[in-house]
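Q: got a sequence here, can you build the structure:
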Amino acid sequence: MAAAVELFCTTPFGLEFILREDAERAAGAAFAGFRDCSAPGVVRFALRAPDAAALRAALKRVHALRSVEHMCSFVYESPPQAYPMESPSELDAIEKEAGTKKGDFMAAAGVWAVARGGEAPEPAGFEALAKDVLFRCTALRYGKGMRLGKPKYKSPDVERRVGAAVHGLFGWRASMLLYTLRVMVVLVDSRAVVGIALDPSDTLTLRPGFSFQTTSREARDKQSRADVSQASEERLSKLAVTESIAVATRNRILAGEPVSIIKEIDKDVVGSLKEARHKHDVRAAKSENSMSLPIAHALLHLSAIEAGDVVVDPMAGSGTTLLEASLLHPMPSAVIGGDITLSECTVATLNADSFQFMASKHDLCAAPSLMAAGADGSRRKRRRVDGDAPAAAEGHHRFHRPLGMGVLNWDATRLPLRTGGADVVVTDFPFGNRCVRSVKLYPKVVGEFARLLRPGGRCTFLGVQHKALQAILDSTEFDGIWRTRRAPFKVNMGEMYPTIFCLERTDAPWSGGGAEE
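A: Now for the predicted structure:
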């Protein structure tokens, strides 16, 4: 395993720098440098490890990053402008190019085999591998070109063409639901990056003792049927864990039992919650406009949260940032959020309650003892609280959840929190056709941020109305109140490109209005 293997990871446009920092740190000694990639939202890099076990460990660390959407072993990248989305004839070119990359697919499949717990097969072993692999092809299409008109071909068209090319190369059997290998095609505007997904959470587990050399076709077919049956049970079992927690919490809400500090629960929204499906998602459910996990992680990453900080999300929605903040290391001492919409508070409460249950049972976080803010503002070691998970195996720390994690139904323009009581404010301004009028509330909300934060406190928020927000920050009302920690920049959220602002509270006193202390 002395040779370097190439990978690529995807993340929302604009957050590549965070993914690069995270990937280099997580890979450690196995990191072998970045590779050039012209596709936005895609980061290519190489790993070099002395043996398969060391490579698997590095892959596991990188895959666990919150900034990673998908991780793949790299096959090939098309040149820019290779596949214009307005030309349906380019589907033939996509299939033709994929059909000429047999050696590249074999190298990527070798990395996939190592990630699955085996050894990279020799070329002769791919004939036996073909009898054991169930594969599917997934195409992701996004970019600014998607907004310039309806493309002439869609993701299923690309999946069929590339899947046909891969089947022609190796004879792998296609399966859309139960599969052990997934070919990933990332189409950004008019360029493509192709790889084999290394996400173990959405593929089936190969049977113990899997070998690329099998005895007979009858034995292979029999074992394949057994694998599919076992894999079906495993997948249903994994889904049942999350679903049982969500259902149990829903039942408690519907029965009128207390779940959190919210006194009234909007029962109409409970039955219509969407279950989270992201590979790292700890949410039991999410609402229609829930923030993506990499963006929530980015907002917290840019806030430079320290141990013992008090983190507030005034417009928390379904509570994504609250849960992500609770997974940080070092961990904040208190995470508080709320929303003016009771239905969103219902989802956030459900997620917070389920998260604390799962965290105590399954040790979701690994954080050493942390520092909490004392009443006098000093830093002291926090005490272990009842309900913390028992000590994990050697080499792991006990799980410590924040001293306070609460959800409130409140008005973001009048927060029931004391002046200067927060170290970090991180939030996502509501946007969309239903939230156009919310721009008028921006000055009041930004003023509440200024009142709430202590001098030196950090404020990181996301908003679509870039010009309106910038005009508010440049107005005389906030003259000398904010210091820019990083220049505003845009990120991709579906077909929208909101802007992230990174600010720091100065020592200047805030003379505006706000909630009474």
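Q: who does the helix or strand where C502 lies touch, helix- and strand-wise?
A: Applying DSSP states H and E as the criterion places C502 in strand 499-505. When contacts are defined as 3 or more Cβ pairs under 8 Å, 6 or more residues apart in numbering; DSSP states H and E, strand 499-505 packs onto helix 293-302, strand 453-463, helix 466-474, strand 482-490. Where you see a C-beta, it was placed from the backbone N, CA and C, and this is true even at glycine.
Q: now it against helix 466-474, angle please.
A: Angle between the axes of strand 499-505 and helix 466-474 is 10 degrees (criterion: axes from the mean of the first three to the mean of the last three Cα atoms, to 10 degrees).
Q: could you look over the helices and strands packed on strand 499-505 and pick the most buried one?
A: Counting by mean count of other Cβ atoms under 10 Å, helix 293-302 has the highest mean neighbour count of the helices and strands packed on strand 499-505, with a mean of 23.
Q: find me the pLDDT at M291, would you?
A: Here the pLDDT value assigned to M291 is 85.
Q: same question for R160.
A: With respect to pLDDT, R160 scores 91.
Q: then it would be within a strand, right?
A: No - judged by DSSP: H, G, I helix; E, B strand; the rest coil, R160 forms no part of a strand; its state is helix.
Q: where's it relative to V185, distance?
A: According to Cβ to Cβ, to the nearest Å, R160 and V185 sit 11 Å apart.
Q: which residue of the two possesses the greater neighbour count?
A: Neighbour count, other Cβ atoms under 10 Å: between R160 and V185, V185 has more, with 24 against 15.
Q: residues in contact with E16?
A: Neighbour list for E16: P40, G41, V42, V43 [criterion: Cβ atoms under 8 Å, 6 or more residues apart in numbering].
Q: only alpha carbons, please: show the one helix or strand the last one maps to as PDB.
A: Pointing back at V43 there. Using DSSP H and E, V43 falls within strand 42-47. Presented in PDB, the C-alpha positions along strand 42-47 are these (Å, rounded to 0.1, in the frame of the first residue of the first chain):
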ATOM      1  CA  VAL A  42     -15.500  18.900  -4.900                       C
ATOM      2  CA  VAL A  43     -12.100  18.500  -3.100                       C
ATOM      3  CA  ARG A  44      -9.600  15.900  -4.400                       C
ATOM      4  CA  PHE A  45      -6.800  14.600  -2.300                       C
ATOM      5  CA  ALA A  46      -4.500  11.600  -1.900                       C
ATOM      6  CA  LEU A  47      -3.800   9.200   1.000                       C
END
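Q: what mean pLDDT does it have?
A: Summarised as a single mean, pLDDT over strand 42-47 is 96.
Q: for stretch 426-441, same thing?
A: pLDDT averaged over stretch 426-441 gives 71.
Q: give me the contact list for whatever helix or strand R182 lives in.
A: According to DSSP H and E, R182 maps onto strand 181-188. With Cβ under 8 Å, 6+ apart as the test, strand 181-188 has contacts from 10, 39-42, 70, 72, 83, 85, 94, 109, 112, 133-143, 155, 158-159, 162-163, 166, 172, 192-197, 199, 202-203.
Q: equivalent analysis for stretch 464-483, please.
A: Contacts of stretch 464-483 (Cβ under 8 Å, 6+ apart): 429, 431, 439, 442-443, 446-447, 450, 459, 463, 488, 490, 496-499, 501, 503-506, 508, 510, 512.
Q: among those, which ones are buried?
A: Buried by 16 or more other Cβ atoms under 10 Å: 429, 431, 439, 442-443, 446-447, 450, 459, 463, 497-499, 501, 503-506, 510, out of those.
Q: mind checking which helix or strand of the chain has the lowest mean pLDDT?
A: Lowest by mean pLDDT, DSSP states H and E among the helices and strands of the chain is strand 371-373, with a mean of 29.
Q: just want the angle from the strand holding C502 to strand 453-463.
A: For strand 499-505 against strand 453-463, the angle by the same axes, to 10 degrees is 180 degrees.
Q: follow-up on the earlier one: the strand holding R182 pairs with which strands, parallel or anti?
A: When pairing is defined by DSSP bridges, strand 181-188 lines up against strand 134-142 (parallel), strand 191-197 (antiparallel).
Q: just the angle between that strand and strand 42-47, please?
A: Counting by the same axes, to 10 degrees, strand 181-188 lies at 130 degrees to strand 42-47.
Q: circling back to that earlier point, which ChimeraX command selects the buried ones in the contacts of strand 181-188?
A: Buried subset of the contacts of strand 181-188, written as a ChimeraX selection, criterion 16+ other Cβ under 10 Å:
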select :10,39,40,41,42,70,72,83,85,94,109,112,133,134,135,136,137,138,139,140,141,142,143,158,159,162,163,166,172,192,193,194,195,196,197,199,203
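Q: any idea how far S318 is from A487?
A: Distance check for S318 against A487: by Cβ to Cβ, it reads 29 Å.
Q: list the contacts of D411.
A: D411 is in contact with I340, counting by Cβ under 8 Å, 6+ apart.
Q: bridged to it, which residues?
A: R414.
Q: rank the strands paired with strand 181-188 by pLDDT, which is bottom?
A: strand 134-142 (a mean of 87).
Q: contact partners of that one?
A: Strand 134-142 has contacts (Cβ under 8 Å, 6+ apart) with 10, 41, 70, 85, 151, 154-156, 158-160, 162-163, 166, 172-176, 178-188, 197, 204, 224, 228, 492, 494-495.
Q: then stretch 158-169?
A: Identification of contacts with stretch 158-169 by Cβ under 8 Å, 6+ apart yields 91-92, 94-96, 98-99, 102, 105, 135-139, 141, 172-174, 183, 185, 187, 194.
Q: now the helices for the stretch 251-400 of the chain?
A: Under the criterion DSSP state H, counting those that start in this stretch, helices of the stretch 251-400 of the chain are mapped to 267-270, 293-302, 320-326, 342-362.
Q: kind regards, and thank you for your time.
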